[in-house]
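A.B. asks: just coords:
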């Protein structure tokens, strides 16, 4: 299948490991140019970019700080100058605001934790989309995929700030799909289940989520990456505004 991504410039956030790295490298396989975004782990992002170059691709790494909109726009401009107009955005970065401390209640949790999560997980992706959409409008073609999390649908204890911000990302995706489709820009959201990254995960931590999926299998980063690449390709001609689960139909653990 021809995906039509040759020489397209793709920006992937949090691409130093896991789903982000797998996605960046999957785009390289389709001959796209990739901007590898990172927030704090510069070394990991540079390693992803080096792997992309080793595979014959064109890639750079650059820092993105969702708390500093002016720096974010400057970073996007640098990526544009290095690689060309941005045609694809994958908002993969996730910032968990920290767990509750022992004895903490919903009403006693610091409000700053909620604000920090909204800034990183909702406002950051929104500002990044704003920064790249002009390129897509000019080309009359663009693809945006936001990456969220499975527990958004059911909630998760001690994670109210994170779940609320990620729920907002779902609404943002649907609103963007309505507003941008007339310019040839398709926007979707992918909701992975438990997906171990590059690090070693003990078998006992994999067994339970595996049993909780109808497929009796957990995701691999490459599985999620392939779906993202398809949604961001020319092969996707009319799918927009969708929230797509890729978790093997996660069920309550048995």
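C.D. replies: Received, thanks. The structure displayed is predicted, hence computed values, not measured ones.

A.B. asks: Student question: in this structure, what's the helix or strand with minimum average pLDDT?
C.D. replies: Taking mean pLDDT, DSSP states H and E as the measure, the chain has helix 203-211 as its least confident helix or strand, at a mean of 57.

A.B. asks: In the stretch 51-200 of the chain, what residue spans correspond to helices?
C.D. replies: 69-83, 111-118, 124-139, 160-180 (DSSP state H, counting those that start in this stretch).

A.B. asks: can you list those in JSON lines and add distance to residue 93, mean pLDDT and mean neighbour count?
C.D. replies: (Glycine included, C-beta is placed from N, CA and C.) Output for the helices of the stretch 51-200 of the chain, formatted as JSON lines (distance: least, CB to CB, whole Å; pLDDT from 0 to 100; neighbours: other CB atoms under 10 Å):
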{"stretch": "helix 69-83", "distance to residue 93": "11", "mean pLDDT": "90", "mean neighbour count": "16"}
{"stretch": "helix 111-118", "distance to residue 93": "12", "mean pLDDT": "89", "mean neighbour count": "16"}
{"stretch": "helix 124-139", "distance to residue 93": "7", "mean pLDDT": "96", "mean neighbour count": "19"}
{"stretch": "helix 160-180", "distance to residue 93": "11", "mean pLDDT": "94", "mean neighbour count": "19"}
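
A.B. asks: Turn those helices into JSON lines, columns for distance to residue 101.
C.D. replies: Shown next, in JSON lines, are these (distance: least, CB to CB, whole Å):
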{"stretch": "helix 69-83", "distance to residue 101": "30"}
{"stretch": "helix 111-118", "distance to residue 101": "11"}
{"stretch": "helix 124-139", "distance to residue 101": "25"}
{"stretch": "helix 160-180", "distance to residue 101": "14"}
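
A.B. asks: Nearest approach to residue 51 belongs to which of those helices?
C.D. replies: helix 69-83 (16.7 Å; CB to CB).

A.B. asks: list the helices and strands the closest one packs on?
C.D. replies: Counting contacts by 3 or more CB pairs under 8 Å, 6 or more residues apart in numbering; DSSP states H and E, helix 69-83 is packed against strand 9-12, strand 33-38, strand 58-63, strand 86-91, helix 124-139.

A.B. asks: Redo the ones you listed as a markdown table? Include distance to residue 108.
C.D. replies: Below are these laid out as a markdown table (distance: least, CB to CB, whole Å):
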| stretch | distance to residue 108 |
| --- | --- |
| strand 9-12 | 37 |
| strand 33-38 | 34 |
| strand 58-63 | 35 |
| strand 86-91 | 32 |
| helix 124-139 | 27 |
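
A.B. asks: Which of those sits closest to residue 219?
C.D. replies: Closest among the helices and strands packed on helix 69-83, using CB to CB: strand 86-91, at 16.2 Å.

A.B. asks: The helices and strands packed on helix 69-83: which one's closest to residue 247?
C.D. replies: Shortest distance between residue 247 and those, using CB to CB, is found for strand 86-91: 18.3 Å.

A.B. asks: Okay, now the sheet partners of that closest one, with direction.
C.D. replies: Applying DSSP bridges, strand 86-91 is found paired with strand 9-12 (parallel), strand 142-147 (parallel).

A.B. asks: Just say which of those strands is most tucked in.
C.D. replies: Highest mean neighbour count among the strands paired with strand 86-91 (mean count of other CB atoms under 10 Å): strand 9-12, with a mean of 28.

A.B. asks: Average pLDDT for the next helix or strand after that strand, rounded please.
C.D. replies: Helices and strands here follow DSSP states H and E; after strand 9-12, the next one along the chain is helix 18-29. The pLDDT scores in helix 18-29 average 97.

A.B. asks: on that earlier part again, give the buried residues for the next helix or strand after the least confident helix or strand of the chain.
C.D. replies: Going down the chain from helix 203-211, the next helix or strand is helix 221-231, by DSSP H and E. Neighbour-count burial for helix 221-231, counted by 16 or more other CB atoms under 10 Å, picks out 221, 223, 224, 225, 226, 227, 228, 229, 230, 231.
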